[in-house]
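Chemist: Below are the sequence and a predicted model for it; my questions follow.
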Amino acid sequence: MVRSDKHNALDQAMFEGLMGAADQLAQDSSVRAVVLHGEGKSFCSGLDIASFMSGQGGTGVLLERDGDRLANFAQRVAYDWSLVPAPVIAAIHGNCFGGGLQIALGADIRIATPDAKLSVMEVKWGLVPDMGITQSLPRLVRIDVAKELTFTGRVLPGSEALALGLVTRTSDDPLASALALADEIVRKSPDAVRAAKRLYDETWVSNDAAGALKLESELQIGLIGKPNQLAAVVAGMSGEDPVFVDPA
């Protein structure tokens with residue numbers, strides 16, 4: 001995200017840029033890992049309310065939905081990362097407020113500086129968080145923790161966010177750590193990594209045990225004996241670096 005003079009606050013251009021990036025990444029089979037970060041002093045300070053209020057239609061445009069899409073305009077900048085088959089890693093520093101936090105929650109993995117500032121801040125403006133948080137936060141924290149953070153809008157440091165489960169781990173240089181993790185992921189079979197993301201995304205908070213177990217089997221059948229699975233076996237037995245092909 002490149003709007004450092006505004007701490008990467010979300011204006012319409014930023015929304016459109018994020019949605020366009022997610023669409024492009026979702027369709028590119030050569031993409032094996034994604035790192036999402038903000039330029040300058042912050043990850044993302046949330047919605048640029050002044051920008052939307054000064055434009056035609058105000059914030060109402062955020063609630064619009066294109067065609068049969070599940071998520072509306074505002075929700076897509078967070079939810080659409082789940083539609084990218086490859087893992088998405090958010091590198092968080094500085095401010096990560098409101099919509100910015102929900103974008104980070106839409107990633108698969110979050111690495112934050114210990115002193116990063118995170119907040120479910122919408123209550124400060126008399127609003128509820130509505131950028132896909134119902135699809136992300138329940139997988140990470142208990143409901144009482146979610147309620148406390150949402151009811152108060154308090155700002156917490158990255159170190160506390162780690163303790164609560166909002167972030168995966170902390171690092172003094174989250175971007176470098178995220179890039180190193182991405183490099184580690186791309187050395188694994190992209191078929192297996194994509195299948196694992198799908199498996200967890202579709203079953204993690206589901207009560208459908210039968211469906212979840214069936215999906216495990218279906219995904220495994222789709223991997224066994226395929227070129228990338230065989231390449232992983234050969235590499236594991238020989239100690240040589242595997243050579244994987246892009247997913248079909």
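Modeler: Arrived safely. Please read these numbers as outputs of a predicted model, since none were measured by experiment. Numbering: from 1, shown residues only.
Chemist: quick one: residue 191 and residue 234, what's the gap?
Modeler: 15 Å (Cβ to Cβ, to the nearest Å). Any C-beta I mention is one placed from the backbone N, CA and C, and that applies to glycine too.
Chemist: Settle it for me: which of those two has more neighbours?
Modeler: residue 191 (23 against 12; other Cβ atoms under 10 Å).
Chemist: List the contacts of the closest residue in space to the more buried one that isn't next to it in sequence.
Modeler: Using Cβ to Cβ, 6 or more residues apart in numbering and skipping the chain neighbours, the partner closest in space to residue 191 is residue 228 (4.5 Å). The contact partners of residue 228, taken as Cβ atoms under 8 Å, 6 or more residues apart in numbering, are 189, 190, 191, 192, 244, 245, 247.
Chemist: Show me which pair in those is furthest apart.
Modeler: 192 and 245 (12.9 Å; Cβ to Cβ).
Chemist: higher neighbour count, the two?
Modeler: Between residue 192 and residue 245, counting by other Cβ under 10 Å, residue 192 is the more crowded of the two (17 against 13).
Chemist: Can you get me a residue count around the nearest residue to residue 128 once chain neighbours are set aside?
Modeler: Spatial nearest neighbour of residue 128, excluding adjacent residues (Cβ to Cβ, 6+ apart): residue 122 at 5.9 Å. Residues lying near residue 122 (other Cβ under 10 Å) number 22.
Chemist: swap in residue 135?
Modeler: Neighbours of residue 135 under the rule other Cβ under 10 Å: 19.
Chemist: from memory it sits against residue 79, does it?
Modeler: Yes: counting by Cβ atoms under 8 Å, residue 135 does reach residue 79; the two are 6.2 Å apart.
Chemist: quick one: buried residues of the helix or strand of the chain with the lowest mean pLDDT?
Modeler: Of the helices and strands making up the chain, the lowest-confidence element is helix 49-53, at a mean of 80, by mean pLDDT, DSSP states H and E. Within helix 49-53, the residues that qualify as buried by neighbour count (16 or more other Cβ atoms under 10 Å) are 51, 52.
Chemist: ok now that helix, how far from the chain's centre?
Modeler: Centre-to-centre, helix 49-53 and its host chain are 25 Å apart (Cα atoms, centre = their mean, to the nearest Å).
Chemist: now swap in stretch 79-91 and tell me
Modeler: Chain-centre distance of stretch 79-91: 5 Å, with Cα atoms, centre = their mean.
Chemist: now stretch 174-187
Modeler: 15 Å.
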